[in-house]
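[1] fold the following.
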Amino acid sequence: MAFFTRVLVGAVFCLSLFTTVMSSPTFLPKTGKTLSLPLGHNADIPRHGPTEYLKTLKKFKLAAPEGLQQVVDTHKALYSKVAAGGSGGSAPADSHEGDLLWLTPVGIGSPPQMLNLDLDTGSSDTWIFSTDTEKDEVAGQTLWDPKKSSTSNLIQNCTWSIVYGDFSTSQGICYKDTLSLGNLSIPGMTVESATSVSDMFTETAAMSGLVGLAWPSIVQTIPPQKTLLDFLPKVLDQPVFTVDLRHNSSEGSFNFGYIDDSLHTSAVQSVDVDTADGFWSVSTTGFSIGGSDIKYEYNEARTVIIDTGSTLFFAPDEAVSTYFSQVPGANYSYKDYGWVIPCNSTPPDFIYELSDTNGNKLTGSVPGAYFVYAHTTNVSCYAGIQSLGEFTSMSGIFGDVFLKSGFAVFDIGNKKFGMADKPLSFSNTK
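    Model (predicted):
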């Protein structure tokens, strides 16, 4: 069944270009209540496409295809054996390793106890490993100790529980304490202390928890507590944060309260965000393929989620199948539960279009080089662009592979998402 129409156009889409038909909000220069947080680039674990696919399905409570968990478990067991026999179990950050997770140092308590956390626009809860966490579920994470914080206060009768797609859970109790982001302190922030965690977090030793940057309506505390997005508009110069992820690099940053114009090379153009489901959801209306003069438009706009906490770029099914029809040697691997391409190929760029009901349109290009993601064999690679498959009605989740392609602006006050061009790296080394 056709879900889109094809319209011939002449140079409608330009590679690495962001355009709009309406103006974007103007932000003031950086002044007082602003901060910039560096990102640590996790290159300690070799990439594995099916693992990232399964993590995203679990996170959004989506059904996983039968057999995917077994593929992931087999890879995990194999990697554990290799790591145990190697020198420290670390892996070089070449083009097929790394870019799995960008972590940010965050302080909790007084004095601040520093933990490397994942800043996640796909969830609202700020939860951390702590001395409350079951010991057998801790595997190298840094633990927060509420007893070592002079400002920590247990919230009586407050609990939290997050159930994932495989029915595993992370859960715990709640405290009020000071959250420190760079030079900015937020007293009275709800800190969710884990008493138990899902295995998928135990297995990530470098990460000690999450900082939720989605909308407050999906917070999982009982009773509901204020989230970081409740606090940020009150403490920042401007209710905005930006995300600058760099390909195979630790040079990126999350900036809060201002837009650093030195980080982008074109105007920031924005579309409205639909917050009804608590996510940074936007509408995608079409796409194009680099080197082609054909534009594809969906019969109906598709809602997709912008998620810093997901690794891959999950586009609508018809966009993905059409894209790979233009990639020589591409095929769907039932063994790997995803599309694979020749590792020595240079795939075309994927050019997307976002829009809103107010007439704003935003187009941009994701370099095809970013889609050569992870080796499945010596010659085949799992692609960085995939679809969520027929197991879900969710159209897409635009994760880090997408976000690396531009300078991203999350406008809390106006409920907008924006992108701009920036210098891109295609280096295969960290």
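[2] CA only for contacts and neighbour counts going forward, please
    Noted.
[3] ok, P239 - contacts?
    By C-alpha atoms under 8 Å, 6 or more residues apart in numbering, the contact set of P239 is 232-233, 256-257, 411-413.
[4] now with 6 Å, please.
    233, 257, 412-413 (C-alpha atoms under 6 Å, 6 or more residues apart in numbering).
[5] same thing with W339?
    Contacts of W339 (C-alpha under 6 Å, 6+ apart): 331-333, 383.
[6] buried subset of the residues you listed?
    Burial by neighbour count, 16 or more other C-alpha atoms under 10 Å: within these this picks out 331-332, 383.
[7] per-residue confidence for the most centrally placed residue in the chain?
    Averaging the C-alpha coordinates of the chain gives a centre point, and the residue nearest to it by C-alpha atoms, centre = their mean is T308 (2.0 Å). Confidence at T308, expressed as pLDDT, is 94.
[8] repeat that for T104.
    On the pLDDT scale, T104 gets 89.
[9] wait, a strand at G329?
    No. Secondary structure assignment (DSSP: H, G, I helix; E, B strand; the rest coil) places G329 in coil, not in a strand.
[10] thinking again about what came up before, with secondary structure, distance to S395 and pLDDT added, can I get the contacts of W339 in CSV?
    What follows is the contacts of W339, written out as CSV (DSSP: H, G, I helix; E, B strand; the rest coil; distance: C-alpha to C-alpha, whole Å; pLDDT from 0 to 100):
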residue, secondary structure, distance to S395, pLDDT
N331, strand, 21, 97
Y332, strand, 19, 96
S333, strand, 21, 96
A383, strand, 18, 97
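[11] show me where the protein has helices.
    For the chain, the helices defined by DSSP state H cover 49-59, 68-85, 199-202, 228-235, 317-324, 400-403.
[12] ok, which of the ones you listed comes nearest L179?
    helix 228-235 (9.4 Å; C-alpha to C-alpha).
[13] for that closest one, give me every contacting residue.
    Contacts for helix 228-235 (C-alpha under 6 Å, 6+ apart): P239.
[14] F313 contacts V401, correct?
    Yes. F313 is in contact with V401 according to C-alpha atoms under 6 Å; the separation is 5.4 Å.
[15] of the buried ones among the contacts of W339, just say which sits nearest to Q220.
    Among the buried ones among the contacts of W339, and counting by C-alpha to C-alpha, the member closest to Q220 is A383, at 33.0 Å.
[16] so how far is V320 from the closest one?
    Counting by C-alpha to C-alpha, to the nearest Å, the gap from A383 to V320 is 11 Å.
[17] K234 now?
    41 Å.
[18] the more surrounded of the two?
    For K234 versus V320, the count of surrounding residues by other C-alpha atoms under 10 Å is larger for V320: 17 against 12.
[19] quick one: the more buried one and D293, what's the gap?
    Taking C-alpha to C-alpha, one finds V320 at 17 Å from D293.
[20] follow-up on the earlier one: for E390, find the nearest of the helices of the chain.
    Closest among the helices of the chain, using C-alpha to C-alpha: helix 317-324, at 8.2 Å.
[21] the nearest residue in space to F391 that is not next to it in sequence: neighbour count?
    Counting by C-alpha to C-alpha, 6 or more residues apart in numbering, F391 lies nearest to A63, which is 6.0 Å off, once chain neighbours are set aside. Around A63 sit 16 other residues, with neighbours defined as other C-alpha under 10 Å.
[22] pLDDT score assigned to A63?
    Per the predicted model, pLDDT is 86 at A63.
[23] ramachandran coordinates for it?
    phi -70, psi 140 (degrees, to the nearest 10).
[24] remind me which residues of this protein are low pLDDT?
    Filtered on pLDDT under 70, the chain yields the residue ranges 1-32, 40-45, 79-100, 427-430.
[25] which one of the contacts of W339 is nearest L354?
    A383 (22.3 Å).
[26] which residues sit in contact with the closest one?
    With C-alpha under 6 Å, 6+ apart, A383 has these contacts: 339-340, 371-373.
[27] try 10 Å this time
    By C-alpha atoms under 10 Å, 6 or more residues apart in numbering, the residues touching A383 are 49, 312-313, 324, 330, 332, 338-343, 347, 368-376.
[28] give me the common contacts of F313 and V401.
    366, 370-371, 384-385.
[29] separate out the buried members of these.
    Going by neighbour count (16+ other C-alpha under 10 Å), these have 366, 370-371, 384-385 buried.
[30] what is the nearest of these to T142?
    G384 (30.1 Å).
[31] residues touching the closest one, list them.
    49, 52, 311-314, 338-341, 368-374, 399-402.
[32] now with 8 Å?
    Counted by C-alpha under 8 Å, 6+ apart, G384 has contacts 49, 312-313, 370-374, 401.
[33] likewise W280?
    W280 touches 121-122, 214-215, 273-274, 305-307, 417, counting by C-alpha under 8 Å, 6+ apart.
[34] L35 is in contact with N255, correct?
    Yes. Counting by C-alpha atoms under 8 Å, N255 does reach L35; the two are 5.8 Å apart.
[35] give me the neighbour count for Y334.
    10.
[36] hang on, the earlier thing: show me the buried ones among the shared contacts of F313 and V401 that map onto strands.
    Among the buried ones among the shared contacts of F313 and V401, the residues falling in strands (DSSP state E) are 366, 385.
[37] how close does C158 get to L210?
    Taken as C-alpha to C-alpha, the span from C158 to L210 is 18 Å.
[38] and the two? which has more neighbours close in?
    The neighbour comparison of C158 against L210 (other C-alpha under 10 Å) goes to L210, with 25 against 16.
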